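Colleague: model this:
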Amino acid sequence: MDPKTISLHCAQRVAMRRRVALFGAASVEQRKASPIFDVRAETDDALALRAGAGDRAAAAILVDRHSGHIFALCRRMLGSDHAAEDATQETFLRLWRHVGRWRQRDAKFGTWLYKIASNVCIDTLRKSKRVA
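Modeller: Numbering: from 1, shown residues only. This next block holds a predicted model:
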């Protein structure tokens with residue numbers, strides 16, 4: 001396997017662990033089987049608004065869609081898979097806590113999420129410099 005494939009598999013494993021930790025294993029399968037919830041029809045912006053209103057399924061879908069990209073960003077910034085996994089988890093925890101504050105007119109959801117991730121990575125780097 002080439003390094004990109006290994007990285008993708010690692011990101012997929014991280015994403016599944018995050019979904020299960022945040023929303024439970026059953027909710028992932030129930031969401032996929034639901035005939036009234038078409039994931040492809042929902043934009044990130046619409047899902048973010050629903051997640052801000054407390055919809056856990058919408059938040060889980062956002063994690064599904066973005067965890068691989070967020071993990072890759074964190075890995076590039078932090079340089080290790082372990083630190084990237086922790087930063088990815090912290091990013092989605094911050095997302096869940098603050099998604100109600102996101103305003104569609106201010107920024108696209110993806111831009112806002114990437115900013116959260118980069119801030120988490122910067123915080124991690126600052127902490128590691130203080131410890132060293």
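Colleague: Please make it C-alpha for all contacts and neighbour counts, starting now.
Modeller: Fine.
Colleague: Can you list the residue ranges for strands in this protein?
Modeller: For the chain, no strands are identified by DSSP state E.
Colleague: That one: helices as residue ranges?
Modeller: 3-23, 25-33, 44-52, 56-78, 81-98, 109-131 (DSSP state H).
Colleague: and the ones you listed, which one's lowest on average pLDDT?
Modeller: When the helices of the chain are compared by mean pLDDT, helix 25-33 comes last with a mean of 52.
Colleague: can you count the residues close to Thr91?
Modeller: Neighbourhood size, Thr91 [other Cα atoms under 10 Å]: 25.
Colleague: ok, it - contacts?
Modeller: If you count contacts by Cα atoms under 8 Å, 6 or more residues apart in numbering, Thr91 has them with Leu113, Ile116, Ala117, Val120.
Colleague: In CSV: those, plus neighbour count and distance to Asp45.
Modeller: Shown next, in CSV, are the contacts of Thr91 (neighbours: other Cα atoms under 10 Å; distance: Cα to Cα, whole Å):
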residue, neighbour count, distance to Asp45
Leu113, 21, 11
Ile116, 19, 16
Ala117, 26, 17
Val120, 21, 22
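Colleague: possible to save those residues as CSV with distance to Ile61?
Modeller: Output for the contacts of Thr91, formatted as CSV (distance: Cα to Cα, whole Å):
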residue, distance to Ile61
Leu113, 14
Ile116, 18
Ala117, 17
Val120, 21
